[in-house]
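Peer 1: fold the stuff below for me.
(one chain, ligands or ions: 1)
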Amino acid sequence: MAARGAQVRSIGRRALTCASFLLCASLASCEGRPPASKTQPAHSTPSDAPAGPGAREDRALRQARERMVRDQIAARGVSDGRVLAAMRQVPRHEFVLPAYRDRAYDDSPLPIEAEQTISQPYIVALMTELAEVRPGDRVLEVGTGSGYQAAVLAQLGGEVRSIEIIEELARTAWQRLSRLGYRVRVRHGDGYAGWPEHAPFDAIIVTAAPPSIPPPLEAQLAVGGKLVVPVGEGYQELVVVERTADGYERRSVAPVRFVPMTGRAQDR
Ligand code: SAM
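Peer 2: Got it, this is the predicted structure:
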């Protein structure tokens, strides 16, 4: 079915400096031992949920996540059991603004800092399924936003890197991911150019829409790798590109609506 309403807000064109940097509080905190393994983040799980006043809220949030997966995601055709399990695990309420915590499991995108959005749960699950991430895969996300999509990819066991063009978002997402135990490298910069030092990638997910597919992202795919990207101005389509031994195979999956990719993607 069509992934309608994936994103509702648009942002203006944003001037940027390309002085990208790795967000590391210190080298040790960026490259050192994570609080938990990347497939077992440090946040509460059903088996380690605390007793006491917080326990009821934990239970209610877990139930809300269960309903989200059943009614919004599986019911629309996402069937990869690993993706469904990851969507059940990642605490989406930790990635939304406090004022929207009660709506974290709604069937919609929500506002985050810097007038951006966290994507609708269904579209996150759909893009994740299309990317076919396996444990140990090298994964790139363009458009970190809240860090939620990156957390889902890390939950699947991917070695995840994510690029965000708005410095404030890159910093807060990295802090949030670290606090929750997700080992994701976050970089502030223009994701149009990808992250060539760490290419090739087995999967690349882009969560802002360029007018056309950025050639550097296709070039940074491994053979057999998948690029999942919303493409277009006004009317957008979710496109999957697979790199083959001979070139690239591209297919359109669904109409979508994402915020535009800013930076170099808008150069004419
Ligand atoms: N994946 C995010 C999440 O899980 O919360 C949602 C991302 S939001 C829909 C799109 C993000 O892409 C915004 O944070 C925006 O600043 C970022 N963005 C737009 N153009 C970009 C670019 N050229 N490079 C990197 N990030 C970009």
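Peer 1: and Ile123, how many neighbours does it have?
Peer 2: The number of residues packed near Ile123 is 24, by other C-beta atoms under 10 Å. To be clear about C-beta, it is placed using only N, CA and C from the backbone, and glycine gets the same treatment.
Peer 1: from Ala151, how far off is it?
Peer 2: Here the criterion is C-beta to C-beta, to the nearest Å. By it, Ile123 lies 15 Å from Ala151.
Peer 1: my guess is Pro196 contacts Gln220. True?
Peer 2: Yes - applying C-beta atoms under 8 Å, one finds Pro196 in contact with Gln220, separated by 6.3 Å.
Peer 1: which of those two has more neighbours?
Peer 2: Gln220 (22 against 10).
Peer 1: which non-adjacent residue is nearest the more buried one?
Peer 2: Excluding its sequence neighbours, the residue lying closest to Gln220 (C-beta to C-beta, 6 or more residues apart in numbering) is Ala199, at 3.7 Å.
Peer 1: so that neighbour touches Glu218, yeah?
Peer 2: No - here Ala199 lies out of contact with Glu218, judged by C-beta under 8 Å, at a distance of 10.9 Å.
Peer 1: might you enumerate the residues of the chain proximal to the ligand?
Peer 2: Counting by C-beta under 6 Å from any ligand atom, the residues of the chain close to the ligand are 7, 116-119, 142-143, 145-146, 148-149, 163-166, 169, 190-192, 207-208, 258-259, 261-263, 265.
Peer 1: pLDDT weak spots in the protein?
Peer 2: Residue ranges of the chain with pLDDT under 70: 1-54, 268.
Peer 1: and the helices in it?
Peer 2: 27-31, 53-67, 81-89, 121-131, 148-155, 167-180, 215-219 (DSSP state H).
Peer 1: check those helices for me and report the most buried one.
Peer 2: With neighbours taken as mean count of other C-beta atoms under 10 Å, the helices of the chain reach their highest mean count in helix 148-155, at a mean of 27.
Peer 1: for it, packing partners?
Peer 2: helix 81-89, helix 121-131, strand 138-142, strand 159-164, helix 167-180, strand 201-206 (3 or more C-beta pairs under 8 Å, 6 or more residues apart in numbering; DSSP states H and E).
Peer 1: rerun at 7 Å
Peer 2: Counting contacts by 3 or more C-beta pairs under 7 Å, 6 or more residues apart in numbering; DSSP states H and E, helix 148-155 packs against helix 81-89, helix 121-131, strand 138-142, strand 159-164, helix 167-180.
Peer 1: now do it and strand 138-142, the angle between them.
Peer 2: 170 degrees (axes from the mean of the first three to the mean of the last three C-alpha atoms, to 10 degrees).
Peer 1: next, the angle from helix 148-155 to helix 81-89.
Peer 2: Using the same axes, to 10 degrees: helix 148-155 against helix 81-89 is 120 degrees.
Peer 1: longest strand anywhere in the chain?
Peer 2: The longest strand of the chain (DSSP state E) is strand 221-231.
Peer 1: which helices and strands sit right next to it?
Peer 2: Short answer (3+ C-beta pairs under 7 Å, 6+ apart): strand 221-231 packs on helix 121-131, strand 201-206, strand 236-243.
Peer 1: can I get those in JSON lines with distance to Ala74?
Peer 2: Converted to JSON lines, these look like this (distance: least, C-beta to C-beta, whole Å):
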{"stretch": "helix 121-131", "distance to Ala74": "9"}
{"stretch": "strand 201-206", "distance to Ala74": "20"}
{"stretch": "strand 236-243", "distance to Ala74": "19"}
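Peer 1: tell me which of these sits nearest to Arg179.
Peer 2: helix 121-131 (20.0 Å; C-beta to C-beta).
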